[in-house]
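*Asks:* pasting the sequence and the predicted coordinates here, then a few questions.
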Amino acid sequence: MLREPRQERSRTTRRRLIDAAVECLAELGWHGTTMSVVAERAGVSRGAAQHHFPTREDLVVAAVGYLGDEQIEELRERAAALPAGPSRALPVARMLLDLYTGEKFRAALHLWVAASTDAALRAVLVPLQAKVGREAHRVAVELLGADESQAGVRETVQATLDLARGLGLANLLADDTARRQQITSQWAKMLEPVVG
């Protein structure tokens, strides 16, 4: 039986720890997401977990980066099949307004809430979240084919992402799919003038 090369085993362990951290954050929140809990869920020793991520904050930085990258990659994959022109507004609006639902958003939200009262976590999270936000904005512009040199287009794109986060919050306590679909249809009509 061939053994997995050490570098690949290390990458696999890191990925398992990040996946476990995201799950724990979504289910248990920041305070319930300890290195011991994450290590147990990932199926590794606490020492192995701390070898890869010396502190919980280090693990969170990796998890937030991973969440952002996953969301952007998912958007790009889904966008490849979309039509061009104004008919693109509705499918892009659906993609963007559904972006902040599910486990990944729930995990990020727990971190935002914890960072509002934890200065050390906030110091780590704010610059990372700003980077993720800039990338989400850039991809939204790309998906819409929007020309930000036109008056109001940048603000419209940002309003789309802000609306998406608000709809994601509304969906946390109860399934808000029906209302979100109605809002998405109306918002798509408002996006049509900015679609390139």
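*Replies:* Okay, I see it.
*Asks:* how close does Gln7 sit to Val22?
*Replies:* Plainly put, Gln7 is 23 Å away from Val22 if you go by CB to CB, to the nearest Å. Just so you know, the C-beta spots here come from the backbone N, C-alpha and C atoms, and that holds for glycine as well.
*Asks:* out of these two, which sits in the busier spot?
*Replies:* Taking neighbours as other CB atoms under 10 Å, Gln7 and Val22 compare with Val22 leading, 24 against 8.
*Asks:* which SS class is Pro83?
*Replies:* Using DSSP: H, G, I helix; E, B strand; the rest coil, the structure places Pro83 in coil.
*Asks:* burial of Lys131, as a residue count?
*Replies:* 13.
*Asks:* okay, it: pLDDT?
*Replies:* Note for Lys131: predicted pLDDT of 86.
*Asks:* send me the host helix or strand of Ala89 as PDB with only the CA atoms.
*Replies:* Element membership for Ala89 (DSSP states H and E) is helix 89-97. Backbone C-alpha positions of helix 89-97 (Å, rounded to 0.1, in the frame of the first residue of the first chain) are rendered in PDB as follows:
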ATOM      1  CA  ALA A  89     -29.900  40.400 -14.700                       C
ATOM      2  CA  LEU A  90     -32.300  37.900 -13.200                       C
ATOM      3  CA  PRO A  91     -29.900  34.900 -13.000                       C
ATOM      4  CA  VAL A  92     -27.100  37.100 -11.700                       C
ATOM      5  CA  ALA A  93     -29.500  38.700  -9.100                       C
ATOM      6  CA  ARG A  94     -30.500  35.200  -8.000                       C
ATOM      7  CA  MET A  95     -26.900  34.100  -7.600                       C
ATOM      8  CA  LEU A  96     -25.900  37.300  -5.700                       C
ATOM      9  CA  LEU A  97     -28.900  37.400  -3.400                       C
END
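*Asks:* and the next element down the chain from it?
*Replies:* helix 103-115.
*Asks:* pLDDT of that following helix, averaged?
*Replies:* 84.
*Asks:* likewise stretch 67-78?
*Replies:* On average, stretch 67-78 scores 80.
*Asks:* what are the buried residues along that stretch?
*Replies:* 67-68, 71-72, 75 (16 or more other CB atoms under 10 Å).
*Asks:* next: stretch 180-188.
*Replies:* 180, 183-184, 187-188.
*Asks:* buried ones in stretch 19-38?
*Replies:* 20-26, 28-30, 33, 35, 37-38.
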